[in-house]
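Asker: Coordinates only, no sequence provided:
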DNA sequence: CCCTTGACGCGTT
DNA sequence: GAACGCGCCAAGG
């Protein structure tokens, strides 16, 4: 536990994201206590490729923009996955973001 | 060892 | 309301 890396923690939280919901890098960072280091969450996600259980497509930036879509095998794949879960995506941006936003700080609290 | 980049966030202009 | 700059931590060159 004490050896739990920040990255592993990010993966764990990402795996807890329910279907049809999304979260922001900042929300995860804040939950981990590193709210100022949202970038680390994104960097951690870069290594999430080692864990297929980590739904990186459900993690977007603070405005619901699919900033990480370029890191997928196919940029369109991310939007497809989100739409498949009932999430509206328009112009690479999550619609009704506030409604589908899954905040670990509140949901897991 | 120093500099640059990176899937972000927030304050200020 | 959009654009810009700074802060954050880590990894690659």
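Answerer: Alright, I've got the coordinates. None of these values were measured; they are calculated from a predicted model.
Asker: separation between residue A:14 and residue A:82?
Answerer: 14 Å (Cβ to Cβ, to the nearest Å). For glycine as for every other residue, the C-beta is placed from the backbone atoms N, C-alpha and C.
Asker: Kindly apply the preceding question to residue A:19 instead.
Answerer: 10 Å.
Asker: These two - which one has more neighbours?
Answerer: When residue A:19 is set against residue A:82 and neighbours are counted by other Cβ atoms under 10 Å, the residue ahead is residue A:82, at 23 against 10.
Asker: Quick check, the more buried one in contact with residue A:93.
Answerer: No: Residue A:82 is beyond contact range of residue A:93, at 10.6 Å (criterion: Cβ atoms under 8 Å).
Asker: Say whether DNA strand C is contacted by whichever strand or helix holds residue A:98.
Answerer: Applying DSSP states H and E as the criterion places residue A:98 in helix A:97-100. No: figure legend: helix A:97-100 not in contact with DNA strand C (Cβ under 7 Å from any atom of the strand); closest approach 14.6 Å.
Asker: Need the contact partners of that helix.
Answerer: Around helix A:97-100, the neighbours that count as contacts under Cβ atoms under 8 Å, 6 or more residues apart in numbering are A:20, A:21, A:22, A:60, A:63, A:64, A:87, A:94.
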